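Trainee: fold the following, please.
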Amino acid sequence: MIQSVRTFAGKRPCIDILIPYLSLHLACFALLLIGITWRGVAIFLGTYFVRAFGLGVGYHRYFAHRSFKTSRAFQFLLAVLGSLAIQRGVLWWAETHRYHHRHADTPEDLHSPRYQGFLYAHSGWFVDQKNRETNFSHVADLAKFPELVWLNDWKWYFVPVGIYTLLLFLFFGGEGLVWGLAISTVILWHTTHWIQSLSHSYGGYRRCPTSDNSRNHWLLGLLSLGEFHNNHHYAPSSSRQGFVWWEIDFGYYILKVLSWFRIVWDLKVPPQHVRRGVMQPQLERNY
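Mentor: Here you go, the predicted model:
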């Protein structure tokens, strides 16, 4: 804990990121005023699932790792859905995540609990001023699309978020804002944060022999629609992260259905020997 606190010394948070981040956490307390209803829970489940899909399948598996192919139109839809998770722009997210994989659990890692401390790895790095800018040279394959560059720009990033917020209010009123925006966002934030901190430090299990400290946590895998982190670090370009039947991977199941209609194609999956539990040297990365 002392190491975690020390990592914040001298850090400069991005105020325009920190204020909305803290505000949405505080907005969750409005649940005490509106109470828990079945409609509210349904709003939460529906909005959470769509946004987790946009984040996990769109931002992560497609943009960060190119684990499948799709059309330019559906690519943009994935970018919009991912932006609704309010985890910053699509190019920024892909660039920082690729950087994490290149330096996983080394002193250069943006959010390694071993070197940066648990709290900083959990969420401190996300609001740190030094991590604000997007290095477009590291995502040149994505930066060639002007619509993605536009959506990544801070001035335009909140357009889909604003439309999403307005629709929640128009259809569900205050209940929609509390359950579909505040609570849904905060739980999705911390699901991502816990993967960055807990899944590189404590508990869980290691199925695959990787050079980092990545771990699978079954509950986090379920909440993130199939992000089993040790599996992922072993085969980063795989569109399937649940390697055995009990590692429930909703993201891959949806991709499989979409592939039947040719909305997506060329889904990369781990080799058969991996699914049989026979591990060989870490698979080659695609970035």
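
Trainee: neighbours around the nearest residue to Leu188 once chain neighbours are set aside, how many?
Mentor: Once flanking residues are discounted, Leu188 sits nearest to Ala85: 5.5 Å by CB to CB, 6 or more residues apart in numbering. For glycine as for every other residue, the C-beta is placed from the backbone atoms N, C-alpha and C. Residues near Ala85, counting by other CB atoms under 10 Å, number 25.

Trainee: and if you look at Pro271?
Mentor: 12.

Trainee: CA atoms of stretch 155-170 as PDB?
Mentor: Provided in PDB are the C-alpha atoms of stretch 155-170 (Å, rounded to 0.1, in the frame of the first residue of the first chain):
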ATOM      1  CA  LYS A 155     -13.700  17.800 -28.900                       C
ATOM      2  CA  TRP A 156     -15.800  15.100 -30.700                       C
ATOM      3  CA  TYR A 157     -15.400  12.100 -28.400                       C
ATOM      4  CA  PHE A 158     -18.400  13.100 -26.300                       C
ATOM      5  CA  VAL A 159     -20.800  13.400 -29.200                       C
ATOM      6  CA  PRO A 160     -21.900   9.800 -29.000                       C
ATOM      7  CA  VAL A 161     -21.800   9.900 -25.200                       C
ATOM      8  CA  GLY A 162     -24.000  13.000 -25.200                       C
ATOM      9  CA  ILE A 163     -26.500  11.400 -27.600                       C
ATOM     10  CA  TYR A 164     -26.500   8.200 -25.400                       C
ATOM     11  CA  THR A 165     -27.100  10.200 -22.300                       C
ATOM     12  CA  LEU A 166     -29.900  12.200 -23.900                       C
ATOM     13  CA  LEU A 167     -31.700   9.100 -25.100                       C
ATOM     14  CA  LEU A 168     -31.500   7.500 -21.700                       C
ATOM     15  CA  PHE A 169     -33.200  10.600 -20.200                       C
ATOM     16  CA  LEU A 170     -35.800  10.800 -22.900                       C
END
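
Trainee: please renumber the chain so that the first residue is 19 from this point on.
Mentor: Sure, I'll start counting at 19 from here, so that last one is stretch 173-188.

Trainee: list the buried residues for that stretch?
Mentor: For stretch 173-188, burial by neighbour count (16 or more other CB atoms under 10 Å) applies to 175, 178-179, 182-183, 186.

Trainee: again with stretch 256-272
Mentor: 256-261, 265, 267-270, 272.

Trainee: in a helix, Asp287, correct?
Mentor: Wrong residue type there; residue 287 is Val, not Asp. No: Val287 sits outside any helix when classified using DSSP: H, G, I helix; E, B strand; the rest coil, being coil.

Trainee: what's the nearest residue to it if we skip its chain neighbours?
Mentor: Arg258 (4.7 Å).

Trainee: can you verify that neighbour is assigned to a helix?
Mentor: No: counting by three-state DSSP, Arg258 is located in no helix; its state is coil.

Trainee: from what I see, it and Val292 are in contact.
Mentor: No: with contact defined as CB atoms under 8 Å, Arg258 and Val292 do not form a contacting pair (9.9 Å).

Trainee: Phe189: neighbouring residues, count only.
Mentor: 11.

Trainee: how close does it get to Arg79?
Mentor: 29 Å (CB to CB, to the nearest Å).

Trainee: if I look at the residue of the chain most remote from its centre, how far off is Leu184?
Mentor: Distance from the C-alpha centroid of the chain, by CA atoms, centre = their mean, peaks at Leu51 (30.2 Å). Look at Leu51 and Leu184: by CB to CB, they are 21 Å apart.

Trainee: the strands in the stretch 69-218 of the chain, which residues?
Mentor: 87-88 (DSSP state E, counting those that start in this stretch).

Trainee: check whether His251 really touches Cys226, as I assumed.
Mentor: Yes: using CB under 8 Å, His251 is in contact with Cys226, at 7.4 Å.

Trainee: list of residues touching stretch 89-106?
Mentor: 35, 38, 42, 68-73, 75-77, 80-81, 88, 107-108, 111, 144, 163, 165-166, 169, 175, 178-179, 182, 203, 206-207, 210, 281-282 (CB atoms under 8 Å, 6 or more residues apart in numbering).
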